[in-house]
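A.B. asks: make a model of this:
(one chain, ligands or ions: 1)
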Amino acid sequence: MMFQLRMPFMASLQRGHLSRNSHLSAAGVFFSYGPGHSCFHTLPLPPSHVNINEVGPRDGLQNESSCSDNRSSALLTPYRRAFLAFLLKQANCHTVEAAAFVREDKVPAMAGAAQVFEHLRTLEGENANKRDVWARYVALVPNRKGAEKAIDAGVNSLAVVTCVSDAFANKNVGTKTWQDNLRLACEAATTAARNADVQRVRGYISCSFACPYDTLTRAEDVAHSAAALADAGCTEIVLGDTDGRASVRRLEENVTALSRAGLEQDTIGVHFHDTFGQALANVYASLALGITSVDASCAGLGGCPFAPGATGNLATEDLAFFAEGAGVSTGVDARRLLAAGRYAHALACGDERLLVKLEQDWRDGKLGSGGDADVAKARPVAGRAARAWPRKLGM
Ligand SMILES: CC(C)(COP(=O)([O-])OP(=O)([O-])OC[C@H]1O[C@@H](n2cnc3c(N)ncnc32)[C@H](O)[C@@H]1OP(=O)([O-])[O-])[C@@H](O)C(=O)NCCC(=O)NCCSC(=O)C[C@@](C)(O)CC(=O)[O-]
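C.D. replies: Here you go, the predicted model:
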């Protein structure tokens, strides 16, 4: 068996991901397990750092109102979602997607987005006036109206969203075609980019690999959307693996198409769902391709109300654990990440008593402090969340 990743070799050399002395093909250097194949025991050098973009408070929780018991949705107050975002920022995630300025009747769990940011200002105190701190909180906006509302609420980092599937565009934002969705996203990006206070505009392309209602999608449509979003002012293009069907091969196709469209690797991010257990493999391939911006959701929560069958996002705890093992720094504080994961877990499971206890622990300065900082302990948190789902759904 030989697993070939056809990485653009020269590009990798230029970025220093492979040894300059290597005379090997990229595939040979990467995975070379075939019998009779020369045995190389060197993996390509990963980047030294990866930015973790935490999406739990938005992507992780947005599905909650559709749960069979509505216990948790009653607890998803703007304050509690803000508190989760705050804990994740305290854990030093690079960015934290805190809320979505969308129609509240379409995504009830995201109601009160402006209030989320008000609470964040209070929680941050003086730090809220520091541009670099405040810009780490991101709001998702689907159209110009959403962008205007976010800017009115003082948000400095926005994420716009488009897709490359007519069926998903129709369900997600109500447009007939994905090109119409792209137009909405570009309008939102332009609105954001024109505002002097806005520092970051992430441009999501949902269904970059496959559509939950359709079949596989096309790399050339992804590249077309990416170029349009970049022209509209997006500072980063994020490949959204909406239903978890991304593969390393499709990833490479997309990244190659984006490179041909003129996008540098350091302006590309990835957002994997773990429906088929492929998320970390895809992260590994992303790092090898020079991508250093990775989305994840604490406790592995996630899913999209408009993507039936898609399960949670890649768990942040798993990503941090993986990065540590690969010698890639994330800057994340494992203890604090664990604390945030417990809080997210309690929110998703509707465990009011635990929420109150954790909030009190924070006031007492006990949450996420003390003990050791062994990131390996993050795994049971994600696992606990996973075990809680069947109970919650009465399975
Ligand atoms: C996109 C819309 C808003 C279009 O909704 P619409 O009904 O087509 O909008 P409209 O322009 O026709 O306006 C109708 C009414 O909605 C209002 N409106 C218009 N825009 C907004 C707004 N932004 N926020 C609040 N209200 C809004 C507007 O003001 C008007 O109010 P009225 O005058 O009738 O009182 C709607 O379809 C919607 O909210 N969809 C939900 C989208 C969503 O949140 N999807 C999940 C996130 S995407 C995702 O999870 C994927 C991702 C990012 O994680 C990556 C991946 O995995 O692929």
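A.B. asks: use CA for all of it now, contacts and neighbours both
C.D. replies: Noted.
A.B. asks: SS state for the closest residue in space to residue 63 that isn't next to it in sequence?
C.D. replies: Nearest in space to residue 63, with sequence neighbours left out and distances taken as C-alpha to C-alpha, 6 or more residues apart in numbering, is residue 305 at 5.4 Å. The three-state label given to residue 305 by DSSP: H, G, I helix; E, B strand; the rest coil is coil.
A.B. asks: how far away from the center of its chain is stretch 308-324?
C.D. replies: 9 Å (C-alpha atoms, centre = their mean, to the nearest Å).
A.B. asks: now do that stretch: distance from first to last residue.
C.D. replies: 33 Å (C-alpha to C-alpha, to the nearest Å).
A.B. asks: likewise for stretch 305-319?
C.D. replies: Note: stretch 305-319 ends 24 Å apart using C-alpha to C-alpha.
A.B. asks: pick out the residue of the stretch 251-395 of the chain closest to the ligand.
C.D. replies: Nearest residue of the stretch 251-395 of the chain to the ligand, counting by C-alpha to the nearest ligand atom: residue 304, 4.8 Å away.
A.B. asks: ok so, going back, let me know the pLDDT of the residue nearest to residue 63.
C.D. replies: Looking at residue 305, its pLDDT reads 83.
A.B. asks: ok, it - how many residues close by?
C.D. replies: Neighbour count of residue 305, defined by other C-alpha atoms under 10 Å: 18.
A.B. asks: list the buried residues in stretch 75-82.
C.D. replies: For stretch 75-82, burial by neighbour count (16 or more other C-alpha atoms under 10 Å) applies to 75, 76, 77, 78, 79, 80, 81, 82.
A.B. asks: give me phi/psi at residue 202?
C.D. replies: Per-residue torsions, residue 202: phi -90, psi 140 (degrees, to the nearest 10).
A.B. asks: then residue 157?
C.D. replies: phi -130, psi 130.
A.B. asks: what do you get for residue 91?
C.D. replies: According to degrees, to the nearest 10, residue 91 has phi -80, psi 0.
A.B. asks: over to the one 5 residues further on?
C.D. replies: Reported as degrees, to the nearest 10, the phi and psi values for residue 96 are phi -130, psi 120.
A.B. asks: what sits against it?
C.D. replies: 53, 54, 55, 56, 57, 85, 88, 89, 136, 137, 138 (C-alpha atoms under 8 Å, 6 or more residues apart in numbering).
A.B. asks: next, format those residues as TSV and append pLDDT, secondary structure and neighbour count.
C.D. replies: As requested, these are exported to TSV (pLDDT from 0 to 100; DSSP: H, G, I helix; E, B strand; the rest coil; neighbours: other C-alpha atoms under 10 Å):
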residue	pLDDT	secondary structure	neighbour count
53	98	strand	26
54	98	strand	28
55	97	coil	30
56	96	helix	32
57	97	helix	29
85	98	helix	30
88	98	helix	32
89	98	helix	26
136	98	coil	23
137	98	strand	26
138	98	strand	28
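A.B. asks: can you classify the residue most central in space within the chain by secondary structure?
C.D. replies: For the chain, residue 295 is the residue whose C-alpha lies nearest the centre (C-alpha atoms, centre = their mean; 2.5 Å). Using three-state DSSP, the structure places residue 295 in strand.
A.B. asks: what pLDDT does it get?
C.D. replies: Predicted confidence (pLDDT) for residue 295: 98.
A.B. asks: now the helix or strand hosting residue 359: buried residues?
C.D. replies: Assigned by DSSP states H and E, residue 359 belongs to helix 352-363. Going by neighbour count (16+ other C-alpha under 10 Å), the buried part of helix 352-363 is 354, 355, 358, 359.
A.B. asks: let's have the residues you listed in JSON lines, adding pLDDT and distance to residue 253.
C.D. replies: Below are the buried residues of helix 352-363 laid out as JSON lines (pLDDT from 0 to 100; distance: C-alpha to C-alpha, whole Å):
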{"residue": "354", "pLDDT": "90", "distance to residue 253": "45"}
{"residue": "355", "pLDDT": "92", "distance to residue 253": "43"}
{"residue": "358", "pLDDT": "93", "distance to residue 253": "44"}
{"residue": "359", "pLDDT": "94", "distance to residue 253": "45"}
